[in-house]
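Novice: sharing a sequence plus its predicted fold:
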2 protein chains.
Amino acid sequence: MKVWILGGDGFCGWPTTLHLSSKGHDVTILDNLSRRQIDILLEVQSLTPIAPLSVRLKTWKSISGKKIGFELINIADEYDKLVDLLKIHKPDAIVHFAEQRSAPYSMKTPVTKRYTVDNNVNATHNLLCAIVDSGVNTHVVHLGTMGVYGYGWSGSAPIPEGYLTVTLDTPDGQLEREILHPANPGSVYHMTKTLDQLMFAFYAKNDHIRITDLHQGIVWGTQTPETILDEKLINRFDYDGDYGTVLNRFLMEAAIGHSLTVHGSGGQTRAFIHIRDTVRCIELAIKHPPQPGDKPRIFNQVTETFKVKQLADLVAQLTKAKICYLANPRNEAAENELIVENNQFLSLGLDPTTLNDGLLEEVRDIAERYKDRIDRSKIAAKTLWNKK
Amino acid sequence: MKVWILGGDGFCGWPTTLHLSSKGHDVTILDNLSRRQIDILLEVQSLTPIAPLSVRLKTWKSISGKKIGFELINIADEYDKLVDLLKIHKPDAIVHFAEQRSAPYSMKTPVTKRYTVDNNVNATHNLLCAIVDSGVNTHVVHLGTMGVYGYGWSGSAPIPEGYLTVTLDTPDGQLEREILHPANPGSVYHMTKTLDQLMFAFYAKNDHIRITDLHQGIVWGTQTPETILDEKLINRFDYDGDYGTVLNRFLMEAAIGHSLTVHGSGGQTRAFIHIRDTVRCIELAIKHPPQPGDKPRIFNQVTETFKVKQLADLVAQLTKAKICYLANPRNEAAENELIVENNQFLSLGLDPTTLNDGLLEEVRDIAERYKDRIDRSKIAAKTLWNKK
């Protein structure tokens, strides 16, 4: 299958690219290298030493014998080039990771708020518009987020996979309607993913574009069976206050003898997935496209849920680190429960990597191994959610 | 009260500007004159001869003695200027009309689809971000559309004013939740207004911005008590296939002896409001702001509903015109019912102008009077909704 990976140089995009290439797909990356450029502006870098993209691609070619294409393009801006490439390549599937994906970064300054909205909305809309414009028959697989649902909205009811059935009282009796799950985003970043959903719904209805939206939890883990083959293929590991996700930050803190910094009570429950499962889910989604005219297919791409303090306890047990509680810069509930339906991927054969299976590897092979690269000044989470 | 009108040179913006000025408010228009520029590109013009903005403002000053300010600015693009102006003016209320507002134009070409999304999303988001950034305490009154609800979704149940209460079944019993009414937009333009809603909900929650969203029906009528005072104050009357709304198009067709062109069966029911009521509703909304921390207040800004063929019949009766049925270029239901709740504005004292009160005036004082300015080549609605 001919597959495009928009944002194929990023944290989820790169291992997905290698996984699909290893499975025999003809893969091309479209990327503007924005993730590397944001690193420069924030004066941070991945804990793992990531090679330039051309080195990554050459290394993969020499190891696997497989060629991965690359087009340097900003899809939020270079529309005509996007249409030309679509007409030439005619990809069977397009995996869309080409969005600014940090919630703290999206709340940092007016510049980063506006960049996140402008980039994410125009990237998605340009893609949809270009597919209609070019007439190419393709399937869009988009990386959404569990954050579109918010936390705690449905009480003890599990979060369904994208849609909710509601009953309306009318003068002629009750009507059942299936609706997109109400949006409750907690940051400008999460908000953009709720905007994406409405654009997907419209283009699926009006133009019969085939779309799958994957509402992913927080990704943990660094390596996949392909990225581990050579250090020049290694995946990103972000630990800074903006791009570092909670588990990576605990691992890095433990490695350098810093206390594990829990923001708030640690009672926030979040959904998680290992990067190895992310790439498998993407492949499963590509293999099971919706039909033209269907509404977007939505999967919850999560395997486990944990409270933040449970994660801290797990890392503390493995590493003997201490835990320290700080004020929470985010505008979020102190405590929430979270039950998530994820039957679709399980029924398609996903066999999840659990935290108990993979955590030691992260401690030993990533955090300990690269701890000399840590910049301690980048640990603190400084972005505030609002002025109050 | 100090009031900004974003898009104050447009069809709704101009009469709103004059109405608020006449009521004693200190009004400033912010506009990039994009509506006049689109006329140039489409090679059409308002049936009524609209004066340049500086002439409009001078005329108003000489008639009323009141000064209206003007800032030439593209709020979707000139963010820093917007923040500077906010800090200087500190408006008490900001009426936001600064969006591309034609559904057919938003479906016309990839360029117009992309312009509509980019302009409307960035205009709204820049405004919200700039309010937070500047720290100005103001109230945003935004012109939404009935089209966010779609047509026919709720069967015989009336469309509520923005929010719907749903019941969730949970293991611990039933939970009631108030949700934003599900979005069912019928064009890229309408879709942008559903994106606006989610941005409003987020900024109201996270930053306690006070926001009122007005889901307006199709506006008919041309003049208000202020625009009628001098021909140089006259409001726009659009009749072309993209910007002309259904009633204006019938009036113009009747005036030149053309058949009234009904697209589809004419069974589409739509909600209407006279421009005189629009400007009154805006004033009522400004006078009744929500509190900081409230969710956006949503009003349905409509006064009557009609089927398209009922409108054609009314115009035909008054003018002796014939009716001709054409294929429908839009992707919409052939027939729908529409019942709309509009109690909030009625309870605040709105006394609607009905079609029976105002239609003759439109025939006599607008369509008949200016019929020599009609360009017959611009009557046909040529924009197709999709490639099927």
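Specialist: Arrived safely, thanks for sending. On a predicted model such as this, the values are computed, not experimentally measured, just so you know.
Novice: what about the residue in the stretch 201-350 of chain A that chain B sits nearest to, which helix or strand?
Specialist: In the stretch 201-350 of chain A, the residue that lies nearest chain B is A:Phe202 (4.8 Å; CB to the nearest CB). (Glycine included, C-beta is placed from N, CA and C.) In this assignment (DSSP states H and E), A:Phe202 forms part of helix A:188-207.
Novice: so what's the residue of the stretch 201-350 of chain A closest to chain B up against?
Specialist: When contacts are counted by CB atoms under 8 Å, 6 or more residues apart in numbering or on different chains, A:Phe202 touches B:185, B:188, B:191.
Novice: mind checking pLDDT for it?
Specialist: A:Phe202 is assigned a predicted lDDT (pLDDT) of 98.
Novice: and the helix holding A:Phe202, C-alpha only, in CSV?
Specialist: Extracted C-alpha coordinates of helix A:188-207, given in CSV (Å, rounded to 0.1, in the frame of the first residue of the first chain):
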residue,chain,number,x,y,z
VAL,A,188,-5.6,25.3,23.0
TYR,A,189,-3.9,22.3,21.6
HIS,A,190,-6.7,19.9,22.7
MET,A,191,-9.2,22.5,21.4
THR,A,192,-7.6,22.3,17.9
LYS,A,193,-8.3,18.5,17.9
THR,A,194,-12.0,19.2,18.6
LEU,A,195,-12.0,21.6,15.6
ASP,A,196,-10.4,18.9,13.5
GLN,A,197,-13.3,16.6,14.4
LEU,A,198,-15.9,19.0,13.1
MET,A,199,-14.0,19.4,9.8
PHE,A,200,-13.7,15.6,9.4
ALA,A,201,-17.4,15.2,10.0
PHE,A,202,-18.2,17.8,7.4
TYR,A,203,-15.9,16.5,4.7
ALA,A,204,-17.0,12.9,5.3
LYS,A,205,-20.6,14.0,4.9
ASN,A,206,-20.3,16.4,2.0
ASP,A,207,-17.4,14.9,-0.1
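Novice: tell me if the helix or strand just after it is near chain B.
Specialist: Per DSSP H and E, the first helix or strand lying C-terminal to helix A:188-207 is strand A:210-216. No: using CB under 8 Å from any CB of the partner chain, strand A:210-216 stays clear of chain B, with a minimum separation of 14.4 Å.
Novice: what lines up beside strand A:210-216 in the sheet?
Specialist: Sheet pairing here is set by DSSP bridges, and for strand A:210-216 it gives strand A:139-145 (parallel), strand A:297-301 (parallel).
Novice: residues in contact with that strand?
Specialist: Here strand A:210-216 has contacts from A:138-146, A:148-149, A:161-162, A:196-197, A:200, A:203-204, A:273, A:278, A:281-282, A:285, A:288-292, A:294, A:296-302, using CB under 8 Å, 6+ apart.
Novice: cool, and stretch A:119-137?
Specialist: Around stretch A:119-137, the neighbours that count as contacts under CB under 8 Å, 6+ apart are A:6, A:34, A:75-77, A:79, A:82-83, A:86-87, A:90-91, A:94, A:96, A:98-100, A:138, A:140, A:142, A:189, A:192-193, A:195-196, A:199-200, A:203, A:207, A:209, B:110, B:113-114, B:117-118, B:121, B:195, B:386-387.
Novice: give me the buried entries from those.
Specialist: A:6, A:34, A:75-76, A:79, A:82-83, A:86, A:91, A:94, A:96, A:98-100, A:138, A:140, A:142, A:189, A:192-193, A:195-196, A:199-200, A:203, A:207, A:209, B:110, B:113-114, B:117-118, B:121, B:195 (16 or more other CB atoms under 10 Å in any protein chain shown).
Novice: convert the helix or strand bottoming out on mean pLDDT in chain A to PDB, retaining C-alpha atoms only.
Specialist: Lowest mean confidence among the helices and strands of chain A (mean pLDDT, DSSP states H and E): helix A:355-361, at a mean of 89. C-alpha atoms of helix A:355-361 as PDB (Å, rounded to 0.1, in the frame of the first residue of the first chain):
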ATOM      1  CA  LEU A 355       3.600  -0.400  32.000                       C
ATOM      2  CA  ASN A 356       4.800  -3.400  34.000                       C
ATOM      3  CA  ASP A 357       6.300  -5.000  30.900                       C
ATOM      4  CA  GLY A 358       8.100  -1.900  29.600                       C
ATOM      5  CA  LEU A 359       9.000   0.400  32.400                       C
ATOM      6  CA  LEU A 360      12.400  -1.200  33.400                       C
ATOM      7  CA  GLU A 361      13.600  -0.900  29.800                       C
END
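Novice: and it, how far from the chain's centre?
Specialist: The chain centre lies 20 Å from the centre of helix A:355-361; the measure is CA atoms, centre = their mean, to the nearest Å.
Novice: and that helix, what does it pack onto?
Specialist: helix A:308-319 (3 or more CB pairs under 8 Å, 6 or more residues apart in numbering or on different chains; DSSP states H and E).
Novice: do you have the strands of chain A handy? List them.
Specialist: Per DSSP state E, chain A carries strands over the ranges A:2-6, A:26-31, A:69-72, A:93-96, A:139-145, A:163-170, A:173-180, A:210-216, A:218-220, A:260-263, A:269-274, A:297-301, A:304-307, A:323-326.
Novice: mind giving me a markdown table with those strands and columns for mean pLDDT?
Specialist: Shown next, in a markdown table, are these (pLDDT from 0 to 100):
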| stretch | mean pLDDT |
| --- | --- |
| strand A:2-6 | 98 |
| strand A:26-31 | 98 |
| strand A:69-72 | 98 |
| strand A:93-96 | 98 |
| strand A:139-145 | 98 |
| strand A:163-170 | 93 |
| strand A:173-180 | 95 |
| strand A:210-216 | 98 |
| strand A:218-220 | 95 |
| strand A:260-263 | 94 |
| strand A:269-274 | 95 |
| strand A:297-301 | 98 |
| strand A:304-307 | 95 |
| strand A:323-326 | 95 |
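Novice: dump these to JSON lines, plus distance to B:His125.
Specialist: Putting those into JSON lines (distance: least, CB to CB, whole Å) gives the following:
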{"stretch": "strand A:2-6", "distance to B:His125": "22"}
{"stretch": "strand A:26-31", "distance to B:His125": "25"}
{"stretch": "strand A:69-72", "distance to B:His125": "27"}
{"stretch": "strand A:93-96", "distance to B:His125": "21"}
{"stretch": "strand A:139-145", "distance to B:His125": "19"}
{"stretch": "strand A:163-170", "distance to B:His125": "27"}
{"stretch": "strand A:173-180", "distance to B:His125": "21"}
{"stretch": "strand A:210-216", "distance to B:His125": "22"}
{"stretch": "strand A:218-220", "distance to B:His125": "26"}
{"stretch": "strand A:260-263", "distance to B:His125": "27"}
{"stretch": "strand A:269-274", "distance to B:His125": "26"}
{"stretch": "strand A:297-301", "distance to B:His125": "25"}
{"stretch": "strand A:304-307", "distance to B:His125": "32"}
{"stretch": "strand A:323-326", "distance to B:His125": "30"}
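Novice: ok, which of those strands comes nearest B:Thr16?
Specialist: B:Thr16 lies closest to strand A:173-180 among the strands of chain A, at 33.0 Å (CB to CB).
Novice: who touches the closest one?
Specialist: Residues from elsewhere that reach strand A:173-180 (CB under 8 Å, 6+ apart): A:162-168, A:197-198, A:201, B:153-155, B:157, B:182-183.
Novice: now, which of those sits nearest A:Asp313?
Specialist: Among these, and counting by CB to CB, the member closest to A:Asp313 is A:Gly162, at 32.1 Å.
Novice: give the contact list for the closest one.
Specialist: If you count contacts by CB under 8 Å, 6+ apart, then A:Gly162 has A:180-181, A:213, A:215, A:296-300 around it.
Novice: output the longest helix belonging to chain A.
Specialist: helix A:110-134 (DSSP state H).
Novice: for that helix, which positions count as buried?
Specialist: Buried residues in helix A:110-134 (16+ other CB under 10 Å): A:110, A:112-134.
Novice: and stretch A:282-290, by the same measure?
Specialist: In stretch A:282-290, counting by 16+ other CB under 10 Å, buried: A:282-286, A:289-290.
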